[in-house]
Every structure is written in C-alpha cells, then in structure tokens.
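# Kindly return the folded structure for what I paste below:
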Amino acid sequence: MTRKSATLNPTNSSTKKEDFPMKRISRRNFMKIVGAGAAALGLAACGGSESESAASTAASQFTGEAVTATYPLANGDKTLNIYIRNATSGVVQNYHDIKAFQVAEEKLGVNLTFTHPAVGSESDQFNLMIASGEYPDIIIWSYSTSPMGVDELIDEGVLMDMDSCIRQYAPNYLAAVDTPAHEKEVLSNSGTYQGIYCFTLGVPVSSGPSIRADLLEKYGLDVPVTVDDWENVMTTIRDNEPGVTYPFTTYRNYIGNANLNLLLPAYKTSTEFCSDGNGGVVFGPSTDNYRQFVTKLNDWYNKGLLDPEFMSNDSAANNAKLVNGSSIASVLSLNSGIGNVTTTARANNPDFELVGVAWPVLNEGDTPYFHLDGGVAQVGVQAVVTSSCADPALATQVLDYFFSEEGNNLLCWGIEGESYTVNADGSKTFTDAVMNNPEGKTPSEAVLAYALPSYGFVNPMDEDAYMQITLTMPEQVEARTLWHSLDQGVCLPQLTIAPERQNDYNMIMNEVDTYVQEMLIRFVTGQSNIDESWDTYVNTLNGMGLDVATQYVTDAYNAFQQR
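Next up is the predicted model:
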C-alpha cells in the first residue's frame, strides 16, 4: 500500500483534509484494536513501527522551503481538538483550564480543545476511538502501547504521514533534535519523521530507593550500599524499633504490576528486553540474573523483610505505612513520595527523616545498571496529526510553537508576574502563588493553574521548572543527586518493531508479560519453588513465542544501529 503524503505549498501554510482521505479500518485491524488487551510494554518508549511502504526518501517528500511561522497563525476561526491523557492526577479536569494554553490560543489565533480519556480506562478508550473512525485533529499518545503502531495507523488512514509537514513547518522542533544522537532516536528506520516527540532537557530522574535516616542514626547504622547491607539494616530496625512489621514496602504500579524493582540494578537485569552484554538482545525475565533477583526477593519475603501486601498496596497505602512507621523503606518519587510522606509524618514526629539513597549493588564499588540519558531525551509520547485534520500544516505549526523559547517558557513556567518572575541573571523563580499557595496546595498542584512543567504535553520539559516545584526539601535534593549514580548498562535504546510484525509481537508479549507477572508473584511468595520450577517457566515462555519476539526485537535493534 502506498501512503498518502501531502504536497505542501511553501507559500501557503494550509494543506487540505482531502490530501489525507479517510479510510475505513480493515476488518483485521478493527478486530486487532477492539480485541486488544494491555499492549506489551517491553519497548516502553518506542514511537511506532517501520514499514516498507515508507520507503520513499525524506528528500522526495519535502516539497518546499522551510516556513518560519508568523503569529497569529489564524484569526480565531480555526479550532484544533487534541486527544491526550490527563497527566495532572485529577488536579485539572481539562488542559484548557491551564492558563498557558489559554494564552497560547491568543498568541496563535487558534482555538484549542482537549479530549482526555477517563483515568483508569485510557487504553480501552483509545482503542475504541481508533476503531470508531472518528478522530480528533491531533493524537498525543505512547503508540508503542497500542495494538497498532504509527506505521499501521498511517497505512490504515488514521494518522497522516507527517514527514513533509515537520520538515517544512516545524523548525523549532527540528532545532531541538539537531544532533546525530537525537535524530537517531526520533527518525524512523527509513529516515522519516513520523511525529513530534515529548522531550526532557536534562536527566529525567525522579524516583529511587528511600529509607528512614533518623532510624539509621538511632541504631548506629550506616546508609546501606550493598544488597547484604540492606538486609542487615532492615533486620536490625525491624527487630528493635517498636511498630515496624515489614521494613520494605512497595505497591502495584499504574498498570497493576508488582513494583519490585529495588534490586534490579544490582543484578544487572530488566523486566523487559535488554542487552546481553555482548551486542545481542535477551528478555530479562528469562535470564539467570533475573532468577537470582527473584531468589533474593523470595528470601526477603520468607524473612519478613518484604511487605506481603505488595500487590494489594496502591501508592497511598504504601505511603501510609511509611507515615505510621510499620515500614521504613520503599522506592519513592521525589514529590508524591518523599515530599508528601515527610510532610505528613512530621506533623506527629518532628524527627522523621526519609532520605533517598543510591540503588543497591551486589559488591561495594559496583555501579548499578539502569537507564539514564543526558541532554534531550525522548520519553515515548508522540504527537501525530490525524487524517481528520482539515489543516495539517496549521496543526504542525501549533505543535512546533511549544518548542520555541516563548512557547516552551509559557508551558513550563506559566504567566510572568503571576506564576513566575525573571531574575537579574535571566533565571526564573516561581512566585508564592505556586510555592506558598494561599489555598494550601502543594507547588506541584498549584502550578497546574498556570503551567504544565512535567511530562504532560509535547515540548522540551524544562528541568529547572520541574525541579523548583519538586525539590522543596533538602532531602529531595540529596535524593536526586544519589539516584543519578547509575550506568545505562543493559538497557536498549528506543526501538521500532516492523509493522508487519507489530501485531504478532504485541500478541506474544501480552501473553508473555501476563505470565511473567503471575510467576514473579508465585516465585516471590513461594507458591512456586524457584529451583524446581525455573526450567518449566522458561520453557513456557519459549512456548508462547518468546524466541520469535526476541528475534523481532533483535532485528529492530540491528535496524536502529544502522540508522
């Protein structure tokens, strides 16, 4: 199938809806979407899949000179509807309530409306929207988690091929990715731009191991470094501190899986596909390193060091156990974890001190393996214009505005004089409306009236803005510094599964991931003996098609290396 790509007029920033004719999704792909469960997350940040139908070169698709936008782009007579997850945890009901977007509307001369899928059923609602044939103008989504990747959605007529529009109408975005390393992350295997990605400026570290420093001091214990140190510290405090029942607590994550990653960096493995250390690809949960990882977790479980309610806890229950003292350690975020727990606990215990510590290692002097990137890093969310958009060039220019200095400042900081001020050296500081909110809101909540400084849209996230509202305590600053002490190690770069393999890959990994999660719980709790059941477990994974999925990822990795 040959794709439709707009023939753009360099003297006119308007392309027409007719250039991207609507097509009804094929029955095969319709059933793929409506029948999809949770898509595999093995390639959590990949931006879609690559197709032979995209073999036309970037040069042949680019039909005009790059256009520098003149604002306003329209006269208030154009409206763009944007479909996107609500990343504010319910603080803001709709992104249009954020003043930054209201000011952007005036600047751009374009009305912006936002459609948010209901929290808790985002994936299901996204799939139903795609299957319905009725699309917004722009969809901002992590397409690697959907049954169909970007290439398939383009070929089915849901999304447009944005390469020409981006090259002609997104100069700010192109400037942001204008390094070989960054282009390698955002270009498809054939060298095309399929959409506009969300980025972060700086190293996006916001969570890590945390422990009660006041209790370490009380019992004369050093900050734990190795896995054995952790076991000794937790055992000593559990056996001596009144009220401590299970020292390490954790909770199910946002997709309902056990969040037991504390020891993963020590054992140099992953819950996903990862490097085998020799240039190849392996599925982490099928490796001997992972076996050692779950063996240690089972040991902690049997010794009463791991909270047995790790699968029933949500983050609120997890935090409550730290506040009431029944647990003394967890993996926490800077803000909703360390910040909120400390603030709540100190109301009754002024000596309470929860601090971040480095990820544990097996041997002192080792460097834990986890994935970190400096500079501009793709975080997986991608904005793509749909076939329903009447003016794809306008939509591209609107998205590109938020990569300009003015647009990005607006989205990350809000309104000068209201939410932030500019200092003599040019740096910015949030005002008391944000940092000491008169309504008692936390800085991360109060800022949402004005701006969206975290991962919530497609723009370069300003690390300084994010950190000002997040690092409000000395403990948080120190925690973030320690959590940086990681090595990329076994983690793979952003990869792209070929479109003709995407559905097969998703089906295989949906079954594999469900089984892995089930067996992780059984191994940790002792319902299945690790030594007796491991070979059967690995054979079952292979019987589900893991070897096929591994080859798909290997091919994607090789294609990435050749970009």
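
# what about Y83, which SS state?
Secondary structure state of Y83, per DSSP: H, G, I helix; E, B strand; the rest coil, is strand.

# ok, so what distance separates it from S404?
23 Å (Cβ to Cβ, to the nearest Å). For every residue, glycine as well, the C-beta is placed using N, CA and C.

# which residue ranges form the strands in the stretch 301-450 of the chain?
329-333, 354-356, 376-385, 420-422, 428-430 (DSSP state E, counting those that start in this stretch).

# Oops, could you answer that again for the chain instead?
For the chain, the strands defined by DSSP state E cover 78-84, 110-115, 138-141, 196-201, 207-212, 273-275, 281-283, 329-333, 354-356, 376-385, 420-422, 428-430, 460-462.

# Quick one: closest of these to I166.
In terms of Cβ to Cβ, the element of the strands of the chain nearest to I166 is strand 196-201, at 6.8 Å.

# Dump the strands of the stretch 301-450 of the chain to JSON lines, plus distance to I98 and mean pLDDT.
Putting those into JSON lines (distance: least, Cβ to Cβ, whole Å; pLDDT from 0 to 100) gives the following:
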{"stretch": "strand 329-333", "distance to I98": "22", "mean pLDDT": "90"}
{"stretch": "strand 354-356", "distance to I98": "30", "mean pLDDT": "89"}
{"stretch": "strand 376-385", "distance to I98": "17", "mean pLDDT": "73"}
{"stretch": "strand 420-422", "distance to I98": "14", "mean pLDDT": "98"}
{"stretch": "strand 428-430", "distance to I98": "15", "mean pLDDT": "97"}
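
# and of those, who's closest to D513?
By Cβ to Cβ (comparing all of the strands of the stretch 301-450 of the chain), the closest turns out to be strand 376-385, at 16.9 Å.

# wait, what's in contact with the most far-flung residue of the chain relative to its centre?
Relative to the average C-alpha location in the chain, and by Cα atoms, centre = their mean, no residue lies farther out than N240, which sits at 39.5 Å. Residues near N240 by Cβ atoms under 8 Å, 6 or more residues apart in numbering: Y219.

# go with 10 Å
N240 makes contact with 215, 218-219, according to Cβ atoms under 10 Å, 6 or more residues apart in numbering.

# distance of it from F248?
Between N240 and F248 the distance is 16 Å, computed by Cβ to Cβ.

# what's the answer for N94, then?
Taking Cβ to Cβ as the measure, N94 falls 39 Å from F248.

# Between those two, which has more neighbouring residues?
Ranked by neighbour count (other Cβ atoms under 10 Å), N94 and F248 place F248 first, with 24 against 13.

# Identify each buried residue in stretch 238-254, please.
Neighbour-count burial for stretch 238-254, counted by 16 or more other Cβ atoms under 10 Å, picks out 238, 244, 246-252.

# now do stretch 321-328
Applying a neighbour-count criterion of 16+ other Cβ under 10 Å, the buried positions in stretch 321-328 are 321-323, 325, 327-328.

# Out of these, name the two that are farthest from one another.
Considering Cβ to Cβ, no two members of those lie farther apart than V323 and I328, which are separated by 11.2 Å.

# Now list whatever residues contact both of the two.
The contact sets of V323 and I328 overlap at L354 (Cβ under 10 Å, 6+ apart).

# picking up where we left off before, save the strands of the chain as TSV, and put in mean neighbour count too.
Rendered in TSV, the data for the strands of the chain read as follows (neighbours: other Cβ atoms under 10 Å):
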stretch	mean neighbour count
strand 78-84	20
strand 110-115	18
strand 138-141	25
strand 196-201	24
strand 207-212	24
strand 273-275	24
strand 281-283	22
strand 329-333	23
strand 354-356	25
strand 376-385	23
strand 420-422	17
strand 428-430	18
strand 460-462	23
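
# Out of these, which is closest to D178?
Ranking the strands of the chain by their distance to D178 (criterion: Cβ to Cβ) puts strand 376-385 first, at 9.7 Å.

# and T226, how many residues sit next to it?
The number of residues packed around T226, counting by other Cβ under 10 Å, is 16.

# Does it touch V361 like I think?
Yes - between T226 and V361 there is a contact under Cβ atoms under 10 Å: 5.8 Å.

# which neighbours do the two share?
Common neighbours of T226 and V361 are listed as A266 (criterion: Cβ under 10 Å, 6+ apart).

# quick one: terminal-to-terminal distance for stretch 454-470?
Using Cα to Cα, to the nearest Å, the gap from the first to the last residue of stretch 454-470 comes to 10 Å.

# where does the stretch 401-550 of the chain dip in pLDDT?
Filtered on pLDDT under 70, the stretch 401-550 of the chain yields the residue ranges 477, 481-482, 484-489.

# Helices along that one, start to end?
Remark: helices assigned in the stretch 401-550 of the chain by DSSP state H, counting those that start in this stretch are 405-413, 432-435, 443-446, 463-470, 474-483, 499-525, 530-543, 546-561.

# Make a markdown table out of those and add distance to D163.
Listed next are the helices of the stretch 401-550 of the chain as a markdown table, based on distance: least, Cβ to Cβ, whole Å:
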| stretch | distance to D163 |
| --- | --- |
| helix 405-413 | 22 |
| helix 432-435 | 39 |
| helix 443-446 | 36 |
| helix 463-470 | 29 |
| helix 474-483 | 37 |
| helix 499-525 | 16 |
| helix 530-543 | 38 |
| helix 546-561 | 18 |
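
# Determine the number of other residues adjacent to the nearest residue to M467 once chain neighbours are set aside.
In this structure, M467 finds its nearest non-sequential neighbour in R480, 7.7 Å apart by Cβ to Cβ, 6 or more residues apart in numbering. Here the count is done by other Cβ under 10 Å, and R480 has 20 residues near it.

# Surely R480 is in contact with G337?
No - if you go by Cβ under 10 Å, R480 and G337 don't touch, sitting 11.9 Å apart.

# just to revisit the earlier point, can you add distance to Y290 and give the strands of the chain back as JSON lines?
Shown next, in JSON lines, are the strands of the chain (distance: least, Cβ to Cβ, whole Å):
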{"stretch": "strand 78-84", "distance to Y290": "35"}
{"stretch": "strand 110-115", "distance to Y290": "40"}
{"stretch": "strand 138-141", "distance to Y290": "30"}
{"stretch": "strand 196-201", "distance to Y290": "29"}
{"stretch": "strand 207-212", "distance to Y290": "19"}
{"stretch": "strand 273-275", "distance to Y290": "10"}
{"stretch": "strand 281-283", "distance to Y290": "9"}
{"stretch": "strand 329-333", "distance to Y290": "18"}
{"stretch": "strand 354-356", "distance to Y290": "25"}
{"stretch": "strand 376-385", "distance to Y290": "23"}
{"stretch": "strand 420-422", "distance to Y290": "45"}
{"stretch": "strand 428-430", "distance to Y290": "43"}
{"stretch": "strand 460-462", "distance to Y290": "32"}
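
# so which of the ones you listed gets nearest Q397?
Nearest to Q397, of those and by Cβ to Cβ, is strand 110-115 at 8.8 Å.

# Identify all contacting residues around the closest one.
Contact with strand 110-115 is made by 71-84, 86, 92, 94-98, 101-102, 104-105, 125, 129, 136-140, 391, 394-395, 397-398, 401, 457, as judged by Cβ under 10 Å, 6+ apart.

# Paired strands for that strand, with orientation please.
Sheet partners assigned to strand 110-115 using DSSP bridges are listed as strand 78-84 (parallel).

# Any idea how far the strand it pairs with is from the middle of the chain?
Remark: strand 78-84 is offset 22 Å from the chain centroid, using Cα atoms, centre = their mean, to the nearest Å.

# And stretch 301-313, by the same measure?
Using Cα atoms, centre = their mean, we find the averaged C-alpha position of stretch 301-313 to lie 27 Å away from the chain's own average C-alpha position.

# Please put the alpha-carbon coordinates of stretch 134-149 into CSV.
What follows is the C-alpha trace of stretch 134-149 in CSV, where atoms were taken according to Å, rounded to 0.1, in the frame of the first residue of the first chain:
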residue,chain,number,x,y,z
GLU,A,134,-14.0,9.5,14.2
TYR,A,135,-10.7,11.1,15.1
PRO,A,136,-9.6,14.4,16.7
ASP,A,137,-7.1,16.6,14.8
ILE,A,138,-4.1,15.6,16.9
ILE,A,139,-3.5,12.5,19.0
ILE,A,140,-0.7,12.6,21.6
TRP,A,141,0.0,9.1,22.7
SER,A,142,2.6,6.5,23.5
TYR,A,143,1.9,4.5,20.4
SER,A,144,4.1,1.6,21.4
THR,A,145,1.4,0.6,23.9
SER,A,146,-1.3,0.5,21.3
PRO,A,147,-2.3,-2.6,19.2
MET,A,148,-1.3,-0.8,16.0
GLY,A,149,1.9,1.2,15.7
